[in-house]
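S.K.: just the structure for this:
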Amino acid sequence: MNVPARCFRQITKSGVPRRARVHHAEQGLRPSGAPTSHGWPTGRRRFIVVTCVNRDIEEAAPVPVRMPRHTRPGLRAPALGVCLLLLAILATACGTSSAPAPVPQVTGRPLGSSFVAVEALGFPARSKAAVAGTTPQGATTVEGTTDQAGRLNASVPVPNGYQGPLDVKVTVGGAAATTTVTAGTTGAAPAADAGVRPLGDINCTTTAGVDSPPSASPGEVVCLTGDLSARLVIDHGGTPQSPVIYSGGGDATVEGIDVTTDNVVVQGFTSKDASNMGARLLGDNITFQDNTITHPVYGGDDTDGMRFFGDNITILHNTISDVTDGSDCNDEGCGDGPHPDCMQTYYSDNYPTSSNITIEGNRCENAAAQCLIAEGPQIPEEGVNGPGASTGWTFFDNYCDTGAAQAVQFKNITDVTIADNFFDGKNNKAISLSDGSIGAHVGGNKLGEKTPKLITFDDDTVAAGYIGPQPDQG
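M.R.: Next up, the predicted model:
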């Protein structure tokens with residue numbers, strides 16, 4: 001008989017982490033180091049080869065089965081009954097009775113006066129979605145795609161000047177769900193509350209020194225105290241419903257933070273003088289909030305406030321400052337060497353795509369390069385041809401004081417909403433879109449006096465699905 005082909009990985013280098021994505025590549029993948037695409041060309045990338053082998057197995061010649069000459073009729077019926085009982089037990093154990101399908105759910109909240117953020121759960125996975133927002137003034141429908149868990153992050157526009165109920169309906173195939181949001185509410189000025197907030201009362205279940213964080217179970221609150229002249233490593237997580245909370249209480253100080261697990265909340269720490277990056281987040285369902293990152297130091301890699309990789313990551317009300325150790329950047333870009341950014345993510349052979357990302361209420365001060373640079377898995381000009389997509393982002397209510405050509409740069413990031421931010425740097429533009437970053441929604445942003453332009457389309461691949469002010473063509 002012919003056995004279907006199976007793929008056997010032949011990895012051209014060793015030491016690939018557990019989250020590495022291996023796939024076919026006609027052109028290479030981005031290496032593990034950070035990209036240097038801050039307005040400058042990047043070289044070709046190395047790649048991992050995958051070889052598929054088809055194995056044929058010869059079918060054995062039939063063997064005659066010798067039947068017994070005599071049977072005992074009295075044993076036939078009980079044996080048959082036992083067999084049927086065993087088959088029933090095995091059928092139940094193997095899951096022939098399927099669990100009920102999840103119930104689709106939709107929630108929403110206003111993003112300033114321009115958009116309503118929509119989060120949908122429980123829909124068919126990896127499927128096209130239609131997201132409709134309806135007011136008495138009419139309806140607008142935008143498109144999106146659910147992820148592997150049936151989740152979708154999107155936004156719908158609010159009519160100019162409208163305040164009142166906005167009905168949201170998400171439809172994926174035959175599944176649908178609705179909610180109503182009070183839209184168009186006018187609050188504080190953009191980014192007025194950006195930065196670290198007071199933590200409030202914390203009910204610790206475990207307290208330990210920051211130099212020896214203990215193992216933790218789902219739902220625990222681990223409070224860490226003191227100082228650490230090394231990186232804090234957080235590698236024990238909970239579940240999506242019961243994450244582990246790690247709190248520094250606003251006082252614990254470390255030289256860098258590495259989160260390498262799923263389902264955690266990390267809050268109340270100060271990262272000071274860390275090597276290369278103040279924090280690194282690698283995992284799914286991570287919330288990083290109310291932390292202070294200051295003065296990461298160049299150590300041979302790019303110098304960044306933080307880097308993040310994974311799905312369902314929330315970066316909320318952090319203060320990142322003095323990200324300057326590296327190249328001399330100006331409003332035309334950065335030279336050779338490190339590019340000091342507040343926040344960065346990219347796809348590579350060592351790091352996954354990043355979807356359903358919320359970056360909200362953060363304060364970025366005195367960063368030499370960009371407030372955020374985000375790069376997806378398909379940038380052919382840089383030799384990046386990965387699978388999947390980085391999609392469903394919200395960049396809302398952030399303060400950006402930066403100095404490179406642009407404050408935020410999205411390359412191959414789809415369905416991103418950029419709303420109510422204050423771009424107060426020395427950039428020649430606030431927002432740059434390129435490399436297939438379609439479906440962008442932009443509104444309610446504020447420019448400082450040294451930033452002359454809001455947004456540019458840096459190539460002709462990003463116009464589809466765009467909602468926002470008229471861009472300058474790059």
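
S.K.: any stretches of this protein with poor pLDDT?
M.R.: The chain contains residues with pLDDT under 70 at 1-99, 186, 327, 330-331, 333, 335, 337, 473-474.

S.K.: and it, what are its domains?
M.R.: Domain assignment for the chain by automatic domain parsing gives 105-183, 206-473.

S.K.: any idea which of those gets closest to D193?
M.R.: Closest approach to D193 among these (CB to CB): domain 206-473, 6.3 Å. (C-beta placed from N, C-alpha, C; glycine too.)

S.K.: element containing T391, please.
M.R.: According to DSSP states H and E, T391 maps onto strand 390-396.

S.K.: ok, residues contacting that strand?
M.R.: 111-112, 117, 144-145, 147, 152-155, 345, 347, 353-361, 372, 374-377, 408, 410, 412-421 (CB atoms under 8 Å, 6 or more residues apart in numbering).

S.K.: using PDB, write down the CA coordinates of it.
M.R.: Extracted C-alpha coordinates of strand 390-396, given in PDB (Å, rounded to 0.1, in the frame of the first residue of the first chain):
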ATOM      1  CA  SER A 390       0.500  39.400  11.600                       C
ATOM      2  CA  THR A 391      -3.000  41.000  11.900                       C
ATOM      3  CA  GLY A 392      -5.600  42.500  14.100                       C
ATOM      4  CA  TRP A 393      -3.600  45.300  15.900                       C
ATOM      5  CA  THR A 394      -4.700  48.300  18.000                       C
ATOM      6  CA  PHE A 395      -2.300  51.200  18.600                       C
ATOM      7  CA  PHE A 396      -4.300  53.600  20.800                       C
END
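
S.K.: what strands line up against it, and which way round?
M.R.: strand 357-360 (parallel), strand 413-419 (parallel) (DSSP bridges).

S.K.: which one of those strands lies nearest to I455?
M.R.: Checking the strands paired with strand 390-396 against I455 by CB to CB gives strand 413-419 as the closest, at 8.2 Å.

S.K.: who's in contact with stretch 123-136?
M.R.: 104, 116, 118, 120, 139-152, 154, 156-159, 162, 164-173, 175, 177, 183.

S.K.: for D201, see how far away the nearest residue to I357 once chain neighbours are set aside is.
M.R.: Distances taken as CB to CB, 6 or more residues apart in numbering put W393 closest to I357, at 4.6 Å, once the chain neighbours are dropped. Using CB to CB, to the nearest Å, W393 is found at 32 Å from D201.

S.K.: neighbour-wise, which of the two wins?
M.R.: W393 (27 against 4; other CB atoms under 10 Å).

S.K.: list the contacts for R280?
M.R.: R280 is in contact with G256, I257, D258, V259, M306, R307, F308, counting by CB under 8 Å, 6+ apart.

S.K.: dig out what it forms beta bridges with.
M.R.: D258, R307.

S.K.: what does N153 give?
M.R.: Applying DSSP bridges, one finds that N153 bridges with E119.

S.K.: P218 in helix, strand or coil?
M.R.: At P218 the chain is in coil, as set by DSSP: H, G, I helix; E, B strand; the rest coil.

S.K.: pretty sure Y346 contacts E375?
M.R.: Yes - under the criterion of CB atoms under 8 Å, Y346 makes contact with E375 at 4.1 Å.

S.K.: quick one: which of the two has more around it?
M.R.: Neighbour totals were compared for Y346 and E375, and E375 leads with 28 against 25 (other CB under 10 Å).

S.K.: pretty sure the more buried one contacts I413?
M.R.: Yes - using CB under 8 Å, E375 is in contact with I413, at 7.5 Å.

S.K.: coming back round to it: out of the domains of the chain, which comes closest to P190?
M.R.: Closest approach to P190 among the domains of the chain (CB to CB): domain 206-473, 4.3 Å.

S.K.: quick one: the strands in the stretch 51-200 of the chain?
M.R.: Secondary structure of the stretch 51-200 of the chain (DSSP state E, counting those that start in this stretch): strands at 105-111, 115-121, 128-135, 138-145, 152-157, 164-172, 175-183.

S.K.: residues contacting the first one, please?
M.R.: This means strand 105-111. 116-122, 155, 158, 166, 168-170, 177-179, 181-185, 394, 396, 417, 419-420, 444.

S.K.: likewise the last one?
M.R.: By CB under 8 Å, 6+ apart, the residues outside strand 175-183 that reach it are 104-110, 116, 120, 122-124, 133, 135, 158, 162-170.

S.K.: beta-bridge partners for the residue nearest to A139 when sequence neighbours are not counted, please?
M.R.: Residue nearest to A139 in three dimensions, not counting chain neighbours: A132, with 5.7 Å by CB to CB, 6+ apart. On DSSP bridges, the residues paired with A132 through beta bridges are T141, K169.

S.K.: pull the number of nearby residues for A132.
M.R.: If you count neighbours by other CB under 10 Å, A132 ends up with 17.

S.K.: please apply the same query to R109.
M.R.: For R109, using other CB under 10 Å, the count is 14.

S.K.: so it bridges to which residues?
M.R.: Under the criterion used (DSSP bridges), R109 bridges to A117.

S.K.: export stretch 134-141 as PDB, just CAs?
M.R.: This file holds the C-alpha atoms of stretch 134-141, laid out as PDB (Å, rounded to 0.1, in the frame of the first residue of the first chain):
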ATOM      1  CA  THR A 134     -24.600  50.500  12.100                       C
ATOM      2  CA  THR A 135     -25.900  53.800  13.300                       C
ATOM      3  CA  PRO A 136     -29.000  55.900  12.300                       C
ATOM      4  CA  GLN A 137     -26.700  57.500   9.800                       C
ATOM      5  CA  GLY A 138     -26.000  54.200   7.900                       C
ATOM      6  CA  ALA A 139     -23.800  51.100   8.000                       C
ATOM      7  CA  THR A 140     -20.200  50.400   7.300                       C
ATOM      8  CA  THR A 141     -18.800  46.900   6.800                       C
END
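
S.K.: would you indicate which residues of that stretch are buried?
M.R.: T134, T135, T140 (16 or more other CB atoms under 10 Å).

S.K.: would JSON lines of these with distance to R197 be doable?
M.R.: Shown next, in JSON lines, are the buried residues of stretch 134-141 (distance: CB to CB, whole Å):
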{"residue": "T134", "distance to R197": "34"}
{"residue": "T135", "distance to R197": "32"}
{"residue": "T140", "distance to R197": "33"}
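
S.K.: quick one: which of the residues you listed is nearest G209?
M.R.: Scanning these for proximity to G209, where the rule is CB to CB, the winner is T140, at 53.1 Å.

S.K.: that closest one contacts A154, doesn't it?
M.R.: No - applying CB under 8 Å as the test, T140 and A154 come out as separate, 11.6 Å apart.

S.K.: burial check on L224, number of neighbours?
M.R.: 26.

S.K.: what residues are up against it?
M.R.: Contacts of L224 by CB under 8 Å, 6+ apart are T207, A208, G209, V210, P213, L232, Y246, S247, G248, G249, A252, F269.
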